[in-house]
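A.B. asks: this is a predicted model, with the sequence first.
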Amino acid sequence: MIAVIPVSPLNSAKSRLSEFLTGEERKLLLMNMIMDVYNALEDLEVCLISKDDEILNFSKELGLIPLKERGKGLNNAIKQAINAVEDEEVIVVPADIPLIKKYHIKEVISKSKKNSIVISPSRGGGTNLLLLNPKDIIEPKYEGFSFLKHIDEAKKRNVEVIVYDSFLISIDVNTPEDLGEVFIHGEGTHTYKYLKSLGIEVLPKHSSAGRFIIKR
């Protein structure tokens, strides 16, 4: 079994954080999140696919297998990585879920069986973990409400769907408010330490319009 981490180019990384973090800070945030994701996956071989040479060099330094992305779009990148690896089972994990843990991966692997997918949703209806057994069992259907798309795709192909619900896996970091979840649940992670080093503070927000106030 091998894990695949698809990563967008650094110049477009985490654009929704651009009013809160500089381009350099967003780049370093992404690198710290990759380290946290890799820590959860380090018992597996891990392939990182990206168009960005700096990210590929960084992944190689960490001990990941770098793969230069060719073509366009997340689904094509994932298909390229799946076709490039020899393993029959593949776990696709995004780079921006820094709260994922080793025990999650062990539990997910324990649930896998032939002709099945194991899938974890994001809070926004996306897919934050997808184990394919075998790797070509369904087509990747990322973007939009991909959690439901993947389930529909599996049902069309008579593939068993195993949903692995996890609050920590569901947290992907895209907005300033998402950083609040890292402060509450992510102590000890590289991402938490990096955000603290920037002088970021998180305060509770007692209103229906969000949970946190994020300050620098």
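C.D. replies: Everything's here; your move.

A.B. asks: quick one, what contacts the residue most central in space within the chain?
C.D. replies: Most central in the chain under Cα atoms, centre = their mean is residue 94, positioned 1.9 Å from the mean C-alpha point. Neighbour list for residue 94: 5-6, 37, 128, 172 [criterion: Cβ atoms under 8 Å, 6 or more residues apart in numbering]. Quick note: C-beta positions are derived from backbone N, CA and C, even for glycine.

A.B. asks: gap between it and residue 124?
C.D. replies: Remark: distance between residue 94 and residue 124 (Cβ to Cβ, to the nearest Å) = 12 Å.

A.B. asks: which residues are common contacts for these two?
C.D. replies: Both residue 94 and residue 124 are in contact with residue 172, where contact means Cβ under 8 Å, 6+ apart.

A.B. asks: confirm residue 180 sits in a helix?
C.D. replies: Yes - counting by DSSP: H, G, I helix; E, B strand; the rest coil, residue 180 is part of a helix.

A.B. asks: so what's the residue count around it?
C.D. replies: 23 (other Cβ atoms under 10 Å).

A.B. asks: please apply the same query to residue 134.
C.D. replies: Look at residue 134: counted by other Cβ under 10 Å, it has 13 neighbours.

A.B. asks: same deal with the one 5 residues further on?
C.D. replies: The tally of other residues near residue 139 (other Cβ under 10 Å) stands at 13.

A.B. asks: any idea which element the spatially closest residue to it that is not a sequence neighbour lies in?
C.D. replies: The shortest distance from residue 139 to any non-neighbouring residue, by Cβ to Cβ, 6 or more residues apart in numbering, is to residue 153 (6.1 Å). Secondary structure from DSSP states H and E places residue 153 in helix 146-156.
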